[in-house]
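Peer 1: have a look at this prediction, sequence included:
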Amino acid sequence: MASRRRSYGGFHQEHGGHMTAVVFIHGTGVREPGFSALAGRFSVGVTGLRDGLRVVPYYWGGEHGATLAADGASLPPVSGAARRGPSVPGAGDDDTEAWAALYADPYAELALAAGTGTAAGAASAAELPPGSLPPDQHLRTRLADLAAQGDAPAADLGPGLARAAAGLAAHPLLGAAAAALAPQDLPGLAARCLTAQVVAQVLDDDLPLVPAGATRDAVTDRLARALGAPAPGTERGVRSLALRVAGSAASRAVVRRRRALTEAAHPAAGDVLRYLSRGEAVRAGLRTLLAGLAPPVAVVAHSLGGIIALDTLVLTPLPQVRLLVTAGSQAPFLYESGSLPSLEHPAPLPAHFPDWLNLYDPRDLLSYLGAGLFPGRVTDVAVDSRQPFPAAHSAYWTNPAVYRHIVDRLP
């Protein structure tokens, strides 16, 4: 039968003959026109290293990918509307963004205060009257006393207060910050630093009980008084102008762009959720495609595409498929965690499952290993894109080493 030739996204598929068919399956969030460009790049990469390959794309994102079916009706209103509404208590007095900055770097406010000190202020701090203490010394003493009490004064937040207080007492920026601030402001800053360290540790340890804002503020006030703040204690929440302006401006910009960000990001997360809940349709499409191909067939799949391919090949014997290649795949993790639709740990891969080459980038935090889970059935090979995450997760198809590993294993 004569060979037929069809153009797809700038490259050509050959139909007919008995050449090796390479089915390419994309990952999460890929839509047109991006898929055509991606599939075209893949085709160039493999056919440039071996003649006689027939590249067959499987574009599932258009028909089976996630969409916002109700035009974004699930998205909350933008921040201005939320603050005007009566159903968001306290939203108009929001210091959440500043606390987020402190959780990310508990010493951020200390560094800002230290950096605002003038040369005159530093000089006056250095030229103290005989017998007087530097402005930070009283605070260091109180911090040491607080550390000696252990974690109890902040037990409502979580563990770690004693270590945080000892670290702040010895911090080299404390002197510069004390010279730049009014004496009554320094205890509040220190208290916020301690609170942020404790809460940040709770978040880092994935502890199940994160304190609510009211608890956080009450503990902060209590710590500020213990460190010498004048009655009635510090103001509620974070009131550092520098942090509030910088943090709030950035957060408001993100909230205003929430719809755009959601529409840009939801295909990636939504595709995973949609597949795990309603994946049979996309597997059926792949089964039909593979069943219509003459052997030998290799399947090359990225990210969620690797999960789709693995599930399909586990559930259905397709003897024409001789090789599965996954790149940046979460399939091993889903299997080990009991979340893979087709196979539950510790069940082995079925006898009909083809050879499996699993490519991963150590910098890609969404790539996982399979050889330890399926001994003798999976070959894990590391590739290095020299990109940080998340760029590393999408850099496989511009890495020449990836194509060399694939072509070396093709049937």
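Peer 2: Sure, I can see it. Residues are numbered from 1 along each chain as shown.
Peer 1: ranges for the helices of the stretch 51-200 of the chain?
Peer 2: 61-64, 79-84, 96-104, 108-116, 119-126, 137-148, 161-169, 174-180, 186-204 (DSSP state H, counting those that start in this stretch).
Peer 1: least trustworthy helix or strand in the chain by mean pLDDT?
Peer 2: Ranking every helix and strand in the chain by mean pLDDT, DSSP states H and E puts strand 4-8 at the bottom, with a mean of 36.
Peer 1: hang on, the earlier thing: go through the helices of the stretch 51-200 of the chain and name the closest to residue 154.
Peer 2: helix 161-169 (4.0 Å; CB to CB). C-beta coordinates here come from the backbone N, C-alpha and C atoms, glycine included.
Peer 1: what is that closest one packed up against?
Peer 2: helix 137-148, helix 186-204 (3 or more CB pairs under 8 Å, 6 or more residues apart in numbering; DSSP states H and E).
Peer 1: to residue 116, which of these lies closest?
Peer 2: Of all the helices and strands packed on helix 161-169, it is helix 186-204 that lies closest to residue 116, at 11.8 Å by CB to CB.
Peer 1: that older thread, looking at the helices and strands packed on helix 161-169, which is buried most?
Peer 2: Neighbour counts (mean count of other CB atoms under 10 Å) averaged over each of the helices and strands packed on helix 161-169 peak at helix 186-204, with a mean of 23.
Peer 1: and after it, which helix or strand comes next?
Peer 2: Where DSSP states H and E defines the elements, the next helix or strand beyond helix 186-204 is helix 213-226.
Peer 1: now the angle from that next one to helix 161-169?
Peer 2: 50 degrees (axes from the mean of the first three to the mean of the last three CA atoms, to 10 degrees).
Peer 1: convert the C-alpha atoms of helix 213-226 to PDB, please.
Peer 2: Taking C-alpha atoms only, helix 213-226 is exported to PDB below (Å, rounded to 0.1, in the frame of the first residue of the first chain):
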ATOM      1  CA  GLY A 213      -3.900  35.200  63.000                       C
ATOM      2  CA  ALA A 214      -5.600  36.200  66.300                       C
ATOM      3  CA  THR A 215      -3.500  33.700  68.200                       C
ATOM      4  CA  ARG A 216      -0.300  34.800  66.400                       C
ATOM      5  CA  ASP A 217      -1.000  38.500  67.200                       C
ATOM      6  CA  ALA A 218      -1.800  37.800  70.900                       C
ATOM      7  CA  VAL A 219       1.500  35.800  71.300                       C
ATOM      8  CA  THR A 220       3.400  38.600  69.500                       C
ATOM      9  CA  ASP A 221       1.900  41.200  71.900                       C
ATOM     10  CA  ARG A 222       2.800  39.000  74.900                       C
ATOM     11  CA  LEU A 223       6.400  38.600  73.700                       C
ATOM     12  CA  ALA A 224       6.800  42.300  73.000                       C
ATOM     13  CA  ARG A 225       5.800  43.100  76.600                       C
ATOM     14  CA  ALA A 226       8.200  40.500  77.800                       C
END
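Peer 1: coming back round to it: can I get the helices of the stretch 51-200 of the chain in a markdown table with distance to residue 402 and mean pLDDT?
Peer 2: Conversion of those to a markdown table gives the following (distance: least, CB to CB, whole Å; pLDDT from 0 to 100):
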| stretch | distance to residue 402 | mean pLDDT |
| --- | --- | --- |
| helix 61-64 | 21 | 90 |
| helix 79-84 | 43 | 41 |
| helix 96-104 | 34 | 82 |
| helix 108-116 | 40 | 84 |
| helix 119-126 | 55 | 41 |
| helix 137-148 | 52 | 94 |
| helix 161-169 | 45 | 96 |
| helix 174-180 | 50 | 88 |
| helix 186-204 | 34 | 92 |
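Peer 1: can you redo the ones you listed as TSV with distance to residue 336?
Peer 2: TSV is the format used below for the helices of the stretch 51-200 of the chain (distance: least, CB to CB, whole Å):
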stretch	distance to residue 336
helix 61-64	25
helix 79-84	40
helix 96-104	30
helix 108-116	38
helix 119-126	56
helix 137-148	41
helix 161-169	34
helix 174-180	46
helix 186-204	23
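Peer 1: out of the ones you listed, which gets nearest to residue 293?
Peer 2: Across the helices of the stretch 51-200 of the chain, closest to residue 293 is helix 61-64 (CB to CB), at 19.4 Å.
Peer 1: now that closest one: buried residues?
Peer 2: 61, 64 (16 or more other CB atoms under 10 Å).
Peer 1: show me what that helix is packed up against.
Peer 2: Using 3+ CB pairs under 8 Å, 6+ apart, helix 61-64 sits against helix 258-278, helix 280-291.
Peer 1: ok, and what's touching the shortest one?
Peer 2: Under the criterion CB atoms under 8 Å, 6 or more residues apart in numbering, residues 23, 25, 56, 58, 60, 63-64, 275, 297, 299, 308-309, 311-312, 315-316, 318, 320-321 lie in contact with helix 280-291.
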